[in-house]
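In: no FASTA, just this:
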């Protein structure tokens, strides 16, 4: 995690281009001083992931359909579709009026003709589905072919009865066979900042035979401006060594905004058949808003806590930031040992021409770990709380410590709830920490179970009869929220309803938002009593490739892309994860969604892949088949499972 800084940074004035919608400060929950034990440092739980962990993979080929007027044929599109091997093949047309498109193909056996008139392709099954939830207003028209022919296919799409003055909307042709060959693509750095060099990387994986790559391209869209880049394997485009199979391309200098990237690798398999693999990336590139100076100092705050202040240059307006750092000390032999990890979401504090970013260290961590001075901070990062993109990173910061809190040296050996979560707020009167984590002596008042929907939900999803009072239905219909915004809204809803103690049952993003709230803010979750504090169904804790597709539902959401989710998870300690009980779901043989099944890895529920629904360190309640992510799919929506709902109701904390 090398130090990175440009000479002119202190003179930059930056605005975050991530669409942050601030939650009213009067309603905002109080930030928590988060800590994690040394084990979370050594295991990497709270360290930023390698960028490759956020890679998006795809086994499909995608052709962008853009119609041109031909007086003889009307509006039409013609392209080439590589098919590398004989066998089953699925071709899907995706557009608002895809059901009206007329598709003809020539697999090399003589002239264009409709798929149903190609006996050499065997049985052809056609299915049409309106994508009400994932892509409102769009239609997928899918053809499943029994036996495709290897070769370079010609495909043509026409729109009957569309006059010259009515240009049809464009769309996509998506095709996938049974080959395991995939393209993987990712942004090569966590520092997605306009003044950094950012590479887009891609490689092939999963193939059963050698391949030769003949073409690699990235089609960029940044704020409506399109740019085409060539992927190179020459060792000069963030791609490692030359000819190592890893391809890269640099984004244009000073790119800023929401980036959409369609990544393509094409070539031939060893037998000679042509292939094309396409995947979509979406990620924000921010203007740098703050830069750490490298200075840090401390003072005793009270008998238990040491206040640590890090100095920073302000490069934009003051707004909430997320600061994280590892604290390291020395053991009796003088060897470096981790003390704890600290993190906090809060606004910076002005100090002349600079800002100070505070953290609080509970002195009992020193006794628990046997650590002593000198202390230093490692892997310090200051992040945007909306996208979690780091604004700055420092590997090491020397910490000036003249005095320690009085509690140090009293022999503390047990990690307490207060050490991990900070002192409870006075507003949570009656909730008094006592002893180890989880041992809290209090009597909750106005308790309830909060039922939380997910991203872009149209309204109430949970069957009312499955959950008993006291309960509260969270409603924020047709909205696209970051985890941080979503979490604060959950807290606001509880306060507005007079609910002082609650557990959560969440679907999809609702589970992640509840976990975010519990980790970073004081709320009624701190007071809840019962076996299971947070229960979730079909939550993309590790993201979903669909979150990168700009047209889907209510728009892109960086917290749920594979790369954004991996960065977010690096701020969730083990003690918070341990309070989550989660289920994953999938279809039972027939695809939940005729389109997304071509883009996701089995098992999946039409939106979330089982593998990406896992939350390491939490309590997996198992994987259940025969359920889809939401309504309008081939199986019932996972939140309508009455037996599971009744179990969650009975076990929920309130």
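Out: Ah, there it is. Just so it is clear, the structure is predicted and the values come from calculations on it, not from any experiment.

In: Distance-wise, check the most far-flung residue of the chain relative to its centre relative to residue 158.
Out: Most distant from the centre of the chain: residue 72, at 47.0 Å, with distances by C-alpha atoms, centre = their mean. For residue 72, the distance to residue 158 equals 11 Å [C-beta to C-beta, to the nearest Å]. In short, each C-beta sits where N, CA and C put it, glycine included.

In: Domain map for the protein?
Out: The chain breaks down by automatic domain parsing into domains covering 9-47+290-419, 60-177, 180-285, 440-651.

In: Take those domains and lay them out in TSV including distance to residue 54 and mean pLDDT.
Out: Compiled in TSV, these are given as follows (distance: least, C-beta to C-beta, whole Å; pLDDT from 0 to 100):
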stretch	distance to residue 54	mean pLDDT
domain 9-47+290-419	11	89
domain 60-177	19	90
domain 180-285	5	94
domain 440-651	3	93
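
In: Single out the most deeply packed of those.
Out: Comparing these by mean neighbour count (mean count of other C-beta atoms under 10 Å), domain 440-651 ranks first with a mean of 22.

In: how far out from the middle of the chain is the lengthiest helix in the chain?
Out: If you go by DSSP state H, the chain has its longest helix at helix 483-496. Helix 483-496 has its C-alpha centroid displaced from the chain centroid by 19 Å (C-alpha atoms, centre = their mean, to the nearest Å).

In: what residues does that helix touch?
Out: Residues outside helix 483-496 that contact it (C-beta atoms under 8 Å, 6 or more residues apart in numbering) are 20-21, 23-24, 27-29, 345, 385-386, 448, 450, 452, 472, 474, 476, 481, 500, 502, 504, 509-510, 512-514, 516-517, 520-521, 523-524, 559, 568.

In: Repeat that for stretch 591-604.
Out: For stretch 591-604, contacts defined as C-beta under 8 Å, 6+ apart pick out 57-60, 90, 92, 94, 127-129, 131, 134-135, 140, 142, 174-176, 544-546, 586-587, 605-607, 609-611, 623, 625, 628-629, 633-635.

In: Mind doing that once more with 6 Å?
Out: Residues outside stretch 591-604 that contact it (C-beta atoms under 6 Å, 6 or more residues apart in numbering): 60, 90, 92, 94, 127, 129, 140, 142, 174, 176, 586, 605-606, 609-610, 628, 633-634.

In: Just to be sure, which of those are found in strands?
Out: Using DSSP state E, the subset of the contacts of stretch 591-604 located in strands is 90, 92, 94, 127, 129, 140, 142, 174, 176, 586.

In: Can you redo those residues as JSON lines, where the extra columns are distance to residue 46?
Out: Converted to JSON lines, the ones in strands among the contacts of stretch 591-604 look like this (distance: C-beta to C-beta, whole Å):
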{"residue": "90", "distance to residue 46": "41"}
{"residue": "92", "distance to residue 46": "41"}
{"residue": "94", "distance to residue 46": "39"}
{"residue": "127", "distance to residue 46": "45"}
{"residue": "129", "distance to residue 46": "41"}
{"residue": "140", "distance to residue 46": "40"}
{"residue": "142", "distance to residue 46": "43"}
{"residue": "174", "distance to residue 46": "38"}
{"residue": "176", "distance to residue 46": "37"}
{"residue": "586", "distance to residue 46": "30"}
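
In: And these, which two are furthest apart?
Out: Farthest apart among the ones in strands among the contacts of stretch 591-604 by C-beta to C-beta are 94 and 586. That separation is 22.0 Å.

In: before we move on, back to that, can you give me the distance of the residue farthest from the centre of the chain to residue 79?
Out: 18 Å.

In: Same check on residue 482?
Out: From residue 482 to residue 79 the distance is 37 Å (C-beta to C-beta).

In: Could you do residue 71 as well?
Out: Residue 71 sits at a distance of 20 Å from residue 79 (criterion: C-beta to C-beta).

In: One more: residue 125?
Out: Noted for residue 125: a distance of 23 Å to residue 79, by C-beta to C-beta.

In: partner residues bridging the closest residue to residue 164 other than its chain neighbours?
Out: Using C-beta to C-beta, 6 or more residues apart in numbering and skipping residues adjacent in sequence, the residue nearest residue 164 is residue 69, 5.6 Å away. On the basis of DSSP bridges, residue 69 takes part in beta bridges with residue 75.

In: In contact with residue 311, which residues are there?
Out: 293, 295, 354.

In: That one - that's part of a helix, no?
Out: No: applying DSSP: H, G, I helix; E, B strand; the rest coil, one finds residue 311 to be strand, outside a helix.

In: Helices of the stretch 501-650 of the chain, residue ranges please.
Out: Along the stretch 501-650 of the chain, the segments classed as helices by DSSP state H, counting those that start in this stretch run 509-520, 562-569, 574-577, 642-651.

In: Quick check: pLDDT value at residue 7.
Out: Among the per-residue scores, residue 7 shows a pLDDT of 34.

In: didn't residue 577 look like it was pressed against residue 618?
Out: Yes: with contact defined as C-beta atoms under 6 Å, residue 577 counts as touching residue 618 (4.6 Å).

In: Please report how far residue 622 lies from residue 449.
Out: In this view, residue 622 and residue 449 are 21 Å apart by C-beta to C-beta.

In: For residue 368, give its distance to residue 360.
Out: Per C-beta to C-beta, residue 368 is found 16 Å from residue 360.

In: cool, and residue 496?
Out: Per C-beta to C-beta, residue 496 is found 30 Å from residue 360.

In: now residue 180
Out: For residue 180, the distance to residue 360 - C-beta to C-beta - is 50 Å.

In: What of residue 168?
Out: 60 Å.

In: swap in residue 374?
Out: Taking C-beta to C-beta, one finds residue 374 at 19 Å from residue 360.

In: how much distance is there from the strand or helix carrying residue 324 to the middle of the chain?
Out: Using DSSP states H and E, residue 324 sits within strand 321-330. From the chain centre to the centre of strand 321-330 is a distance of 24 Å (C-alpha atoms, centre = their mean).

In: Give me the angle between the following helix or strand past that strand and helix 509-520.
Out: As assigned by DSSP H and E, the chain's next helix or strand after strand 321-330 is strand 336-346. Orientation check (axes from the mean of the first three to the mean of the last three C-alpha atoms, to 10 degrees): strand 336-346 against helix 509-520 gives 110 degrees.

In: Give me the packing partners of the helix or strand that comes right after strand 336-346, helices and strands only.
Out: Going down the chain from strand 336-346, the next helix or strand is strand 349-351, by DSSP H and E. Applying 3 or more C-beta pairs under 6 Å, 6 or more residues apart in numbering; DSSP states H and E, one finds that strand 349-351 contacts no other helix or strand.
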